[in-house]
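Enquirer: Give me coordinates for this.
(one chain, ligands or ions: 2)
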Amino acid sequence: MKVLKFGGKSLANGEGIKSVVSILLNKIKSKEEIVVVVSARGTATDDLFELLERAKKGEDYQSAFETFKNNQLEPFSTVDFSQEFSFLEKIFEGVNLLGDYSPKIKDLVTAYGELLAGKTVTALLKENGVNAQYTDSRELFKTDNVYGEATLLEEITEENTKKYFKNIDLTTTVPVVTGFVGASLEGETTSIGNNGSNYSASLIAGYLNAEELENYTIVSGIYTANPLLVSNAQKINHLSFNEANELANLGDNVLDAKAIIPLVKKNISLRILNTFEPESPGTLINAEASSKNGIKAISVQENMALVSLEGRGLLGKVGIDARLFAALQKENVSVGIISQGSSERGISFVVNGKDAHKAKDALGNEFNLDFLSNDINRISITRGVAVVSILGNSLSSFNTSYTALVNNNIKPLLINNTVTGNNVCLVIDNKELRKAVNVMHGEIFGIAKKINVAVFGVGLVGGTLIKQILESKENILKRKGIDLNVFAVANSKKVYFNADGIQATWKQDLKETGIPYKGIDAIVKYAKDHHLGNLIAVDNSASAGMTENYIPLIESGFNLVSSNKIGNTKSLDFYHELRLALAQNRKQYLYETNVGAGLPLIDTIKLMHASGENITRIKGVFSGTLSYLFNNFSAKNVKFSEVLNEAAEQGFTEPDPREDLNGNDVGRKLLILARELDLQNEFSDVEIHNLIPEHLRDGDTASFLSKLEELDPIYQEIKDKQEPNHVLRYIGDLHGDLASDKGILEVKLVSVPRDSALGQVKGADSIFEIYTESYGDQPVVIQGAGAGANVTARGVFGDIMRLTELEL
Ligand SMILES: NC(=O)C1=CN([C@@H]2O[C@H](COP(=O)(O)OP(=O)(O)OC[C@H]3O[C@@H](n4cnc5c(N)ncnc54)[C@H](O)[C@@H]3O)[C@@H](O)[C@H]2O)C=CC1
Ligand SMILES: N[C@@H](CC=O)C(=O)O
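Expert: Ligands and ions are numbered 1, 2, ... in the order given. Below is the predicted model of the structure:
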């Protein structure tokens, strides 16, 4: 025999009640013996309470009562509720006249939620030819007369229940029992408290030695975290009674600790099932131990309050805690987490939000004299906090979750662990709850760590990057358990958001539903409002203005990746400020593509320098554009302007190609490398041979591009004047005493033998010769495509992936 319990949401009008009937009919068809226990349908309990309140306050309760009645009658119109409705009507009239009601009346009225539900389910089964038997639990469940939360008189209840069911043949009859409701020995209606229907069902299962209790809810079982908070929470297939009890105690709202006890006593399995997916096996809870590592889950109690008692005079005083607890006990306030510093100057504890004032007043009264003597200075309440409990995580393994929280700018107000159990609890600001739970869930379960990326600049490089990310997303999720979620894309005019990640249609979405881009504030706010953690901002613009946002972004919890070189080539003051902000906020900044596009140059130099290798010179062709330009111009009989146009078409040039031709781009790259070696150079220190004749330097890009041909005779003459078998190359050279404060940084056009290393560079390749003390005359050479949207975007992607492996 099985007991089937259906919760209020399962029994609500529409799909719910239909599914319940279908589940029951299937069980009956397959000849299962069942006892059904029902909660009040939908919001019936709250509605009845609301009606009482309206009646008490003299408000119009009649129309709300009509709605209530219609809701109850909705599944069919044949059932006769006239007696129940007219009884309730009379009570509301009385309450309306008196302007008040007692807890006894409240119990009586709210019991009608279950009483009507029981009748409804019975009638629906009868309509389907089932011999259903309505069972008013007041006949079985006897309690004391503490209205609101009566205590069950177990012996009588057990005897009543056994006697009642002895006379029922479960092979032919389906009893439908009202949950939650009981009666005093005098016959007055009582309630057995919150989650009473679960308790009723467990008791019946226990008394009747049921094979299993199936508890139908609107979730498919117990999850590693509330799926409404954590989208990738995983279903737990099996829990031991101990674990279930622990979870229930930690605030899991599907489980109820009190309701587990009768099942443990008789070793009866509990299965949490979904009314809307009855074929799913749900979560099985029984006496068997789960996997050897035990179960891990996160549970949350929202709307709690932190009450703090502070005072200098508390130090060393005996009995303060005893007085505190006694005062709270008098007011029936239950205390959750409690914390007292070793200095004994303050005690903080967590209570349900609704009890916070009661707790403060109780302490105010108790410690009145201590206030006067200045031993206590303050009793304060911090409202809007949540308690997050991690089951199966002791303090020794909590470090990764804690680091992840801090890196995401979440500062727990209190941390607490149980000495014997295996769980850690944190008190967190409600506003940070979703983010905190997601961050910790990702850390603990090591699956699908969600990385939230905002891409600024979606031109050649940015656009290619997004394409690459979207193409590899699935694969990265599978291979590395990293969920790369691009939640914002911005160009200089518009920004488009999607908290669940942009799709292949992002260009159109940006155009059609993007909002005007007015700076980073909207992006920071969006990330905050949507509780997005593990944040990365990617700068693929060439804008100096964008680099002004770096520090505010870091301070708002973002890590940085940039292909934009300007951030690293502004003043040294800014360079240092940026690094200080990174250190202070424990954030990372990667910019491998700043020099040599996707080539692993910056990393190599950083590593050599960090390991004490003395780099004495770095020389080479730093610009992909100018490499392409001079390689082709030197090798072929073509016009300088034609090759330059080709370089732009292939995506090698800067958004403004003059930045390549005037040497600034190479100058920036040289400076970036110099600063990696701790040299204190400024951009003004770079000696640059500007390839643009002075009369073409001013004006806008378009007018410059229209006059490109004016460059042809100038460079043809330079080319012709070279020694035989020589070619032109535009190089960067960092030399001088690199162990001192400043190096010599030169950007110049040179003519080199065709068969030299520089002379043999092809296409848009860059070449970097790194001379060091250990390698002597033979430099370490890094060579390859030094520009182009694909390789650059791939390099930026590489930086993002490297960040995902760090603790963000
Ligand atoms: N093309 C290449 O081979 C390489 C390029 N880079 C760097 O990549 C960056 C991007 O280059 P491209 O994609 O070719 O440029 P692009 O001109 O195609 O795209 C730039 C994007 O930045 C946006 N933008 C400009 N100012 C902005 C602001 N303040 N906020 C947000 N977005 C803004 C523009 O609207 C545009 O979407 C440049 O900094 C460049 O130096 C780095 C290495 C190699
Ligand atoms: N315009 C730059 C792009 C890469 O940094 C170049 O040509 O090298």
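Enquirer: Which residue does this protein have closest to ligand 2?
Expert: residue 625 (3.2 Å; Cβ to the nearest ligand atom). Just so you know, the C-beta spots here come from the backbone N, C-alpha and C atoms, and that holds for glycine as well.
Enquirer: Tell me if I'm right that that residue and residue 650 touch.
Expert: No: judged on Cβ atoms under 8 Å, residue 625 makes no contact with residue 650 at a distance of 9.0 Å.
Enquirer: Now for those two: what residues contact both?
Expert: residue 764 (Cβ atoms under 8 Å, 6 or more residues apart in numbering).
Enquirer: Please settle this for me: is the residue of the chain closest to ligand 2 part of a helix?
Expert: Yes: when DSSP: H, G, I helix; E, B strand; the rest coil is applied, residue 625 is found to be in a helix.
Enquirer: more neighbours, residue 625 and residue 650?
Expert: residue 625 (27 against 16; other Cβ atoms under 10 Å).
Enquirer: what's the neighbour count on the residue lying closest to residue 769 once chain neighbours are set aside?
Expert: The shortest distance from residue 769 to any non-neighbouring residue, by Cβ to Cβ, 6 or more residues apart in numbering, is to residue 779 (3.9 Å). Residues contacting residue 779 under the criterion other Cβ under 10 Å number 20.
Enquirer: do residue 99 as well
Expert: 10.
Enquirer: Was I right to think it contacts residue 56?
Expert: Yes: with contacts counted by Cβ under 8 Å, residue 99 reaches residue 56, the gap being 6.0 Å.
Enquirer: And the pLDDT for the residue of the chain closest to ligand 2?
Expert: On pLDDT, residue 625 comes in at 97.
Enquirer: same check, this time on residue 257
Expert: 81.
Enquirer: Which helix or strand contains residue 64?
Expert: helix 62-73 (DSSP states H and E).
Enquirer: re the thing from before, contacting residues for the residue nearest to residue 769?
Expert: Contacts of residue 779 by Cβ under 8 Å, 6+ apart are 617, 619, 769, 770, 771, 772.
Enquirer: Is the fifth one bridged to anything, and to what?
Expert: Under DSSP bridges, the beta-bridge partners of residue 771 are residue 617.
Enquirer: Now for the closest residue to ligand 1 within the stretch 201-350 of the chain, how many residues are close by?
Expert: In the stretch 201-350 of the chain, the residue that lies nearest ligand 1 is residue 231 (28.8 Å; Cβ to the nearest ligand atom). For residue 231, the count of nearby residues is 13 (other Cβ under 10 Å).
Enquirer: re earlier: quick check: what element follows the helix holding residue 64 along the chain?
Expert: helix 82-98.
Enquirer: Could you list the domains of this protein?
Expert: 2-42+114-218, 297-445, 449-593+796-805, 601-787 (automatic domain parsing).
Enquirer: How far does the last one stretch from one end to the other?
Expert: Its first and final residues considered, domain 601-787 spans 13 Å by Cα to Cα, to the nearest Å.
Enquirer: and what of the third one?
Expert: Across domain 449-593+796-805, the terminal residues are separated by 10 Å (Cα to Cα).
Enquirer: show me where pLDDT drops low in the chain?
Expert: For the chain, residues meeting the criterion pLDDT under 70 lie at 77, 250-253, 291-295, 342-344, 419-421, 446-448, 807-808.
Enquirer: Break down the stretch 401-550 of the chain into its strands, ranges please.
Expert: Listed in chain order, the strands found in the stretch 401-550 of the chain under DSSP state E, counting those that start in this stretch are 414-417, 423-429, 449-456, 482-490, 494-497, 515-516, 535-539.
Enquirer: and the fifth one, what other elements does it pack with?
Expert: Pointing back at strand 494-497 there. strand 482-490, helix 506-513, strand 515-516, helix 521-529 (3 or more Cβ pairs under 8 Å, 6 or more residues apart in numbering; DSSP states H and E).
Enquirer: do the shortest one as well
Expert: With contacts taken as 3+ Cβ pairs under 8 Å, 6+ apart, strand 515-516 sits against strand 494-497.
Enquirer: Is the strand it packs on positioned near ligand 1?
Expert: No: using Cβ under 6 Å from any ligand atom, strand 494-497 stays clear of ligand 1, coming no nearer than 8.3 Å.
Enquirer: neighbours around residue 711, how many?
Expert: Neighbour number of residue 711 under other Cβ under 10 Å is 19.
Enquirer: re earlier: look up how far residue 772 lies from the residue nearest to residue 769.
Expert: 8 Å (Cβ to Cβ, to the nearest Å).
Enquirer: can you check residue 371 too?
Expert: For residue 371, the distance to residue 772 - Cβ to Cβ - is 71 Å.
Enquirer: Compare the two (neighbour count), which wins?
Expert: Higher neighbour count among residue 371 and residue 772: residue 772, with 18 against 14, using other Cβ under 10 Å.
Enquirer: close enough to count as contact, the more buried one and residue 780?
Expert: Yes: here residue 772 lies in contact with residue 780, judged by Cβ under 8 Å, at a distance of 6.9 Å.
Enquirer: shared neighbours, the two?
Expert: Joint contacts of residue 772 and residue 780 (Cβ under 8 Å, 6+ apart) are residue 608.
Enquirer: Using CSV, write out the CA atom coordinates for stretch 585-596.
Expert: Extracted in CSV, the C-alpha atoms of stretch 585-596 (Å, rounded to 0.1, in the frame of the first residue of the first chain):
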residue,chain,number,x,y,z
ASN,A,585,40.0,44.2,-6.2
ARG,A,586,41.6,40.8,-6.9
LYS,A,587,40.9,41.1,-10.6
GLN,A,588,42.8,40.1,-13.7
TYR,A,589,43.7,41.9,-16.9
LEU,A,590,45.0,40.0,-19.9
TYR,A,591,46.0,41.6,-23.2
GLU,A,592,48.1,39.1,-25.2
THR,A,593,46.9,40.5,-28.5
ASN,A,594,48.3,44.0,-27.8
VAL,A,595,51.6,42.9,-29.4
GLY,A,596,51.8,40.4,-32.3
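Enquirer: right, quick check: it against ligand 2, any contact?
Expert: No: contact of stretch 585-596 with ligand 2 (Cβ under 6 Å from any ligand atom) is absent, the minimum separation being 7.1 Å.
Enquirer: That stretch near ligand 1 at all?
Expert: Yes: if you take Cβ under 6 Å from any ligand atom as the test, stretch 585-596 does meet ligand 1, through residue 593.
Enquirer: winner for burial among the strands of the stretch 401-550 of the chain?
Expert: Highest mean neighbour count among these (mean count of other Cβ atoms under 10 Å): strand 535-539, with a mean of 27.
Enquirer: Just the C-alpha atoms of it, please, in CSV.
Expert: Extracted in CSV, the C-alpha atoms of strand 535-539 (Å, rounded to 0.1, in the frame of the first residue of the first chain):
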residue,chain,number,x,y,z
LEU,A,535,32.4,38.9,-15.0
ILE,A,536,34.8,39.7,-17.9
ALA,A,537,34.7,42.9,-19.9
VAL,A,538,36.4,42.6,-23.3
ASP,A,539,37.6,45.8,-24.9
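Enquirer: List the neighbouring strands of it plus their orientation.
Expert: strand 449-456 (parallel), strand 558-562 (parallel).
Enquirer: Can you give the distance from that strand to the centre of its chain?
Expert: Centroid displacement of strand 535-539 relative to its chain, using Cα atoms, centre = their mean, to the nearest Å, is 17 Å.
Enquirer: before we move on, what about stretch 272-290?
Expert: That offset, for stretch 272-290, works out to 26 Å (Cα atoms, centre = their mean).
Enquirer: Now that stretch: buried residues?
Expert: 272, 273, 274, 275, 276, 278, 282, 283, 284, 285, 286, 290 (16 or more other Cβ atoms under 10 Å).
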